[in-house]
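J.: I would like the atomic coordinates for the input below:
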Amino acid sequence: MSSFKIFDIAGSGLSAQSVRLNTVASNLANADSVSGDPTTVYKARHPVFEAVRNAVAAQVMGSAAATDAANASVRVRGIVESTAQPTERYEPGNPLANQDGNVYSPNVNVIEEMTDMISASRAYQNNVEVMNTSKELMVATLKLGS
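T.: Coordinates of the predicted model:
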């Protein structure tokens, strides 16, 4: 396995955590939005990650496909919307209220989103550290030859 493949693996982690941070930002930005219709209210979004392990498994088994370890990565399989029901509030003075005076707010839990943001930020930082450490080790190895 080439030493450079670590950058592909850590890079895929950076990309995945970037998507996670963007969905958290979107959820937080829309946490206070309201709608007069429960079907049109914002729904929290969450990325679904997938570990690509086919090349890693092939490497463990020692097959010829082991040379293709660059496929080991994290991939964003998709972004799903929450199925939780929106919160209904009685606000007859709100211009978006329906005929019964109700507005619907999204099912975004700000505390959970902030926790998810901290977790994604730390995972992003860890992937950056992996890349920096790998770079430093490669530079140190090259200096041994001179």
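
J.: Distance of residue 127 relative to residue 113?
T.: 21 Å (Cβ to Cβ, to the nearest Å). Placement of C-beta: from N, CA and C, glycine included.

J.: And residue 4, by the same measure?
T.: Relative to residue 113, and taking Cβ to Cβ, residue 4 is found at 36 Å.

J.: So those two - more neighbours on which side?
T.: Comparing residue 4 with residue 113 by neighbour count (other Cβ atoms under 10 Å), the higher total belongs to residue 113, at 19 against 10.

J.: correct me, but that one touches residue 26?
T.: No. With contact defined as Cβ atoms under 8 Å, residue 113 does not count as touching residue 26 (9.7 Å).

J.: After the helix or strand where residue 10 lies, which helix or strand is next?
T.: If you go by DSSP states H and E, residue 10 is part of helix 5-29. Scanning forward in sequence from helix 5-29 by DSSP H and E, the next helix or strand is strand 45-52.

J.: Go through that next one and flag the buried ones.
T.: 45, 47 (16 or more other Cβ atoms under 10 Å).

J.: same thing with stretch 2-20?
T.: Buried residues in stretch 2-20, defined by neighbour count with 16+ other Cβ under 10 Å: 5, 6, 7, 9, 10, 12, 13, 14, 15, 16, 17, 20.

J.: Tabulate those residues in CSV, adding columns for distance to residue 39 and pLDDT.
T.: Compiled in CSV, those are given as follows (distance: Cβ to Cβ, whole Å; pLDDT from 0 to 100):
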residue, distance to residue 39, pLDDT
5, 46, 87
6, 46, 89
7, 45, 91
9, 41, 91
10, 41, 92
12, 36, 93
13, 36, 93
14, 36, 95
15, 32, 95
16, 30, 95
17, 32, 96
20, 27, 97
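
J.: The helix holding residue 10 packs against which elements?
T.: strand 45-52, strand 73-81, helix 110-144 (3 or more Cβ pairs under 8 Å, 6 or more residues apart in numbering; DSSP states H and E).

J.: Is it possible to get JSON lines of these that adds mean pLDDT and distance to residue 91?
T.: Shown next, in JSON lines, are the helices and strands packed on helix 5-29 (pLDDT from 0 to 100; distance: least, Cβ to Cβ, whole Å):
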{"stretch": "strand 45-52", "mean pLDDT": "93", "distance to residue 91": "25"}
{"stretch": "strand 73-81", "mean pLDDT": "93", "distance to residue 91": "24"}
{"stretch": "helix 110-144", "mean pLDDT": "95", "distance to residue 91": "19"}
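
J.: Many thanks, we can stop here.
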